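1. no letters, just coordinates:
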């Protein structure tokens with residue numbers, strides 16, 4: 001099979017590369033000429049474990065190609081995926097201008113039956129708009145080329161995206177015709193050891209599934225953060241509470257870990273978009289509004305703990321942040337708690353030293369020299385008045401407390417991911433604070 005994927009971000013590049021790994025001929029398209037030139041030179045624009053090696057392998061095999069114009073490859077493809085961004089509009093709703101622009105180009109140049117698939121996360125009703133735009137362009141041309149639209153939302157976790165795509169726990173596809181269903185089944189067959197993980201739905205349901213899934217996971221996180229904050233007040237231990245409720249098979253243990261707030265490209269954006277979709281249809285998502293409110297407040301909780309510890313006297317304090325990305329195994333800092341903390345610390349007059357294994361350049365791109373960038377985690381804590389653990393990278397899990405005692409000015413540790421042992425740190429003489437204890 002031959003397919004094209006428009007957009008070479010996380011979703012587009014990972015999807016295209018993984019499809020090519022299974023022997024499918026893929027052309028990844030992006031209007032960013034520099035990005036395409038870099039990709040053709042083997043320069044990968046994102047960090048994702050295992051992706052770079054797979055890109056090089058399939059480029060060498062001739063199965064993975066890159067282009068700046070969709071029309072260059074439309075004549076030969078069976079499926080076109082739209083994996084372009086759907087950034088939040090001013091009111092928080094998903095901006096569909098890039099998706100509709102791809103649909104317009106598709107309609108202007110299609111010459112044979114092709115399936116147009118939205119891979120981006122889009123609100124319910126987007127497929128109808130896409131279909132109308134394609135048909136409008138065909139009518140302008142006076143052509144009657146057959147096509148189908150479909151919805152195939154992605155469920156990739158940043159930091160594990162390649163593995164998620166190659167071994168999916170489910171593939172959701174919304175279709176309108178048996179022909180489109182047959183083509184999509186053939187396309188995903190190499191990834192399916194059994195067909196029971198392929199879920200076909202109507203298109204509106206497929207569009208809703210992605211938003212509902214991400215919003216449910218975000219809800220679990222905010223719920224546990226709320227519980228954690230209450231645990232601190234009443235003297236309970238949120239880790240014990242988490243284990244107690246997670247052992248209930250109706251609840252399960254995943255996404256019950258409290259922390260300093262969620263970020264990333266999906267949860268914040270999708271929660272906002274689903275709230276706005278409801279408002280546009282005359283309904284209020286009261287639970288999700290609370291989820292959003294709790295998360296925004298949670299991002300400042302470590303600052304509040306630090307402020308209380310030093311009785312509000314933070315001017316000229318040296319504060320170290322371990323971790324900048326919103327989660328481990330990625331350089332993504334979209335909606336990252338670290339950005340909120342840095343802003344609060346700067347306004348309080350602190351000097352900020354940071355270290356992240358991957359996201360340093362991304363941080364520099366976003367905020368410039370507002371912080372001091374360190375070459376490793378130990379350089380970052382020299383003369384520090386407090387250390388904040390923001391991202392639970394593996395290399396932060398078992399640091400040398402002896403080194404920290406020798407290099408830090410004040411022995412204050414604020415653990416935003418609850419990965420350290422309170423008893424151990426107390427024995428080393430640290431003033432330790434985490435979430436929910």
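-> Cool, the structure landed. What you see is a predicted model; the values in this text were computed from it and never measured.
2. just give the nearest non-adjacent residue to residue 395, would you?
-> Setting aside the residues directly before and after it, residue 395 is nearest to residue 357 in space (Cβ to Cβ, 6 or more residues apart in numbering), at 6.2 Å. (Glycine included, C-beta is placed from N, CA and C.)
3. right, I mislabeled it, should have said residue 224
-> residue 258 is the one closest to residue 224 (Cβ to Cβ, 6+ apart), at 4.7 Å.
4. thought that neighbour was touching residue 223?
-> No. Using Cβ atoms under 8 Å, residue 258 makes no contact with residue 223, being 9.5 Å away.
5. the two: which is more packed in?
-> residue 258 (28 against 17; other Cβ atoms under 10 Å).
6. how about the more buried one, secondary structure?
-> At residue 258 the chain is in coil, as set by DSSP: H, G, I helix; E, B strand; the rest coil.
7. OK, contacts around it?
-> 221, 224, 225, 227, 228, 238, 242, 418, 435, 436 (Cβ atoms under 8 Å, 6 or more residues apart in numbering).
8. burial count for residue 204?
-> Around residue 204 there are 16 residues (other Cβ under 10 Å).
9. need the pLDDT of the residue nearest to residue 395.
-> Looking at residue 357, its pLDDT reads 97.
10. touching, it and residue 376? I think so.
-> No. In this structure, residue 357 is not within contact of residue 376 by Cβ under 8 Å, at 9.2 Å.
11. so for these two, which residue has more residues nearby?
-> Neighbour count, other Cβ under 10 Å: between residue 357 and residue 376, residue 357 has more, with 20 against 10.
12. chain center to stretch 180-192: distance?
-> 25 Å (Cα atoms, centre = their mean, to the nearest Å).
13. can you list contacts of it?
-> 1, 3, 19, 22-24, 78-79, 115, 117, 148-150, 152, 165-168, 171, 173, 175, 198, 200.
14. what's the spacing between the residue lying farthest from the centre of the chain and residue 116?
-> The centre of the chain is farthest from one residue, residue 142, which by Cα atoms, centre = their mean lies 41.3 Å away. For residue 142, the distance to residue 116 equals 20 Å [Cβ to Cβ, to the nearest Å].
15. how far away is residue 363 from residue 30?
-> 24 Å.
16. again, but for residue 68
-> Per Cβ to Cβ, residue 68 is found 7 Å from residue 30.
17. more neighbours, the two?
-> Neighbour tally, residue 68 and residue 30, criterion other Cβ under 10 Å: the higher count belongs to residue 30, 23 against 13.
18. which of the three states applies to residue 5?
-> Following three-state DSSP, residue 5 is assigned to strand.
19. and what of residue 65?
-> strand.
20. list the contacts of it.
-> Here residue 65 is in contact with 25, 26, 27, 28, 59 (Cβ under 8 Å, 6+ apart).
21. who wins on neighbours among those residues?
-> Neighbour counts for the contacts of residue 65 (other Cβ under 10 Å) peak at residue 28, which has 28 neighbours.
22. wasn't it part of a helix?
-> No. If the criterion is three-state DSSP, then residue 28 is strand and not within a helix.
23. so what's it bridging to?
-> Bridge pairing for residue 28 (DSSP bridges) gives the partners residue 5, residue 66.
24. how close does it get to residue 253?
-> Distance, residue 28 to residue 253, using Cβ to Cβ: 37 Å.
25. repeat that for residue 305.
-> As judged by Cβ to Cβ, residue 305 and residue 253 stand 26 Å apart.
26. between these two, which is the more surrounded one?
-> residue 305 (20 against 13).
27. so what's that one up against?
-> So residue 305 contacts 414, 433 (Cβ under 8 Å, 6+ apart).
28. and it, that one's in a helix?
-> Yes. Per three-state DSSP, residue 305 lies within a helix segment.
29. rewinding a little: out of the contacts of residue 258, which is nearest to residue 262?
-> Closest approach between the contacts of residue 258 and residue 262, by Cβ to Cβ: residue 221, at 5.1 Å.
30. what about the closest residue to the closest one other than its chain neighbours, how many neighbours?
-> Take residue 221 and drop its neighbours on the chain: the residue closest to it by Cβ to Cβ, 6+ apart is residue 262, 5.1 Å away. Using other Cβ under 10 Å, residue 262 has 24 neighbouring residues.
31. number of residues surrounding the closest residue to residue 74 other than its chain neighbours?
-> With sequence-adjacent residues excluded and distances taken as Cβ to Cβ, 6+ apart, residue 74 is closest to residue 109, at 4.9 Å. A count of nearby residues for residue 109, using other Cβ under 10 Å, gives 17.
32. isn't residue 109 right up against residue 72?
-> No. Taking contacts as Cβ under 8 Å, residue 109 lies outside contact range of residue 72: 9.2 Å.
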